[in-house]
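Asks: Based on what follows, work out the 3D shape:
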Amino acid sequence: MATLSNVPATLDLCFYQGDDWTTTFTLKQDDVAIDLTGYTAEVIFAAKKDSPALVDLDTTNDPGQITVNASGEVAVTLTIANVNSLNTSGVWHLRLTDTSALVETWLTGSYTVETDLE
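Replies: As a prediction, this is how the structure comes out:
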């Protein structure tokens, strides 16, 4: 029996308090990068599921902190202020909206923030 699933992939993240953080995710389908031209992306960090966002970035309101491109890349940057506003642990997700307004969560997971030495 075949299984059809649209459950997002799980990826846990770790940040260091007092540091900026940046990464690039490459989204693929059947091992081929997805052309994200015209897509919008949103990344949300919260203390737990169903709680208010501590950090909420999207390509419309925060174009320097989250970007998408035709090579399937989603680049996300958290500033020191973003990282410092997070709890020591919580949950996050990356959601994309395509050109026909279809919303899909691609990545989800937990995060931790390591305390700075100072």
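Asks: which stretches of this structure form helices?
Replies: Counting by DSSP state H, the segments of the chain that form helices are 80-84.
Asks: where does it dip in pLDDT?
Replies: Residues of the chain that meet the criterion pLDDT under 70 lie in 1-5, 118.
Asks: What pairs with the lengthiest strand in it, parallel or antiparallel?
Replies: The strand that spans the most residues within the chain, counting by DSSP state E, is strand 103-114. Sheet pairing for strand 103-114, assigned by DSSP bridges, gives strand 9-10 (parallel), strand 13-16 (parallel), strand 89-97 (antiparallel).
Asks: Of those, which is nearest Tyr111?
Replies: Nearest to Tyr111 among those is strand 13-16; the distance by Cβ to Cβ comes to 4.4 Å. The C-beta positions use only the backbone N, C-alpha and C, and glycine is treated the same way.
Asks: list the buried ones in the closest one?
Replies: By neighbour count on 16 or more other Cβ atoms under 10 Å, the buried set for strand 13-16 is 13, 15.
Asks: In the chain, mark out all the strands, start to finish.
Replies: Going by DSSP E, the chain shows strands at 9-10, 13-16, 21-26, 28-29, 32-33, 40-46, 53-58, 66-68, 73-78, 89-97, 103-114.
Asks: Show me which residues of the last one are buried.
Replies: What that stands for is strand 103-114. So strand 103-114, judged by 16+ other Cβ under 10 Å, has buried residues 106-108, 111, 113.
Asks: can you put these in CSV and add distance to Thr23?
Replies: Formatted as CSV, these follow (distance: Cβ to Cβ, whole Å):
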residue, distance to Thr23
Trp106, 14
Leu107, 11
Thr108, 15
Tyr111, 12
Val113, 15
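Asks: Just give me the closest of those residues to Asp20.
Replies: Nearest member of these to Asp20, counting by Cβ to Cβ, is Val113, at 13.1 Å.
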